[in-house]
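1. Pasted the sequence and its predicted model underneath.
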Amino acid sequence: MNPAYLSLLLGLLLMGNLPLLFRKPMPSRAVATVPVAKLHMLGAAAGFISGFTGVVGLVFNGFYYRLGLRKEEIIATRAANEILLHLLKIILYAAFGLLSAHATVAGLVVAMAAILSSMGMKYLLPYLHDRLFHYIGHAAMVIAGIMMVIIAGEQIAQQENITVYFVHADERTQRD
């Protein structure tokens, strides 16, 4: 499957979180129990898709919310997932000869930014209310979805040689 189409589908999925931004907070509910095998399958699928699109971490937010994880648990779980996933990607990219010096430097810069961000969040997170944390998470999913749809749409239009023309109403009546 063309990665651009996969990005488009993931973007639309993430944009589906838009109604959650306007919904009133739900009262606390019982924590869902999920079989470990299902978690492993979900993680493997996300890792596989991430290899093509590079972005799936936000897809997990809703899943973590439904599991009833606290904000600290969500951040710790996502950090552990990202570390393992990216270590595996680095090994695979290096094994296939796809790891360039430029990509390595960019990766190191992003890693340092992630470490600094984690250190800062350690002090900020206790002051962040759970509802605000969830709202920020849903907003991030929607924004990422919009960006993915725009970028994937441009890639698909370019690959498929699709051109869109906009004609102003005055121009159309002048030509008729």
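-> Thanks, I have the structure now.

2. how far away is R66 from L42?
-> 12 Å (CB to CB, to the nearest Å). Heads up, the C-betas are built off the backbone N, CA and C, glycines and all.

3. er, A140 actually
-> Between A140 and L42 the computed distance is 19 Å (CB to CB).

4. Where does I143 sit: helix, strand or coil?
-> helix (DSSP: H, G, I helix; E, B strand; the rest coil).

5. how deep is it tucked in, by neighbour count?
-> The burial metric for I143, expressed as a neighbour count using other CB atoms under 10 Å, is 14.

6. again, but for the one 3 residues further on
-> I146: 15 surrounding residues under other CB under 10 Å.

7. Repeat that for N17.
-> Number of residues near N17 (other CB under 10 Å) recorded here: 21.

8. For it, give me its contacts.
-> Counting by CB atoms under 8 Å, 6 or more residues apart in numbering, N17 makes contact with G62, H138, M141, V142, G145.

9. Name only those of those residues that count as buried.
-> Buried subset of the contacts of N17 (neighbour count, 16 or more other CB atoms under 10 Å): G62, H138, M141, V142, G145.

10. which one of these is nearest H129?
-> H138 (14.2 Å; CB to CB).

11. For this structure, just list every one of the helices.
-> 3-15, 18-22, 36-53, 59-67, 71-95, 101-124, 130-159, 169-175 (DSSP state H).

12. In JSON lines, list those helices along with mean pLDDT.
-> Shown next, in JSON lines, are the helices of the chain (pLDDT from 0 to 100):
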{"stretch": "helix 3-15", "mean pLDDT": "85"}
{"stretch": "helix 18-22", "mean pLDDT": "80"}
{"stretch": "helix 36-53", "mean pLDDT": "72"}
{"stretch": "helix 59-67", "mean pLDDT": "75"}
{"stretch": "helix 71-95", "mean pLDDT": "82"}
{"stretch": "helix 101-124", "mean pLDDT": "86"}
{"stretch": "helix 130-159", "mean pLDDT": "89"}
{"stretch": "helix 169-175", "mean pLDDT": "61"}
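
13. Packed most tightly, which of those helices would that be?
-> Counting by mean count of other CB atoms under 10 Å, helix 3-15 has the highest mean neighbour count of the helices of the chain, with a mean of 19.

14. got the angle for that one vs helix 36-53?
-> Inter-element angle recorded for helix 3-15 and helix 36-53: 130 degrees (by axes from the mean of the first three to the mean of the last three CA atoms, to 10 degrees).
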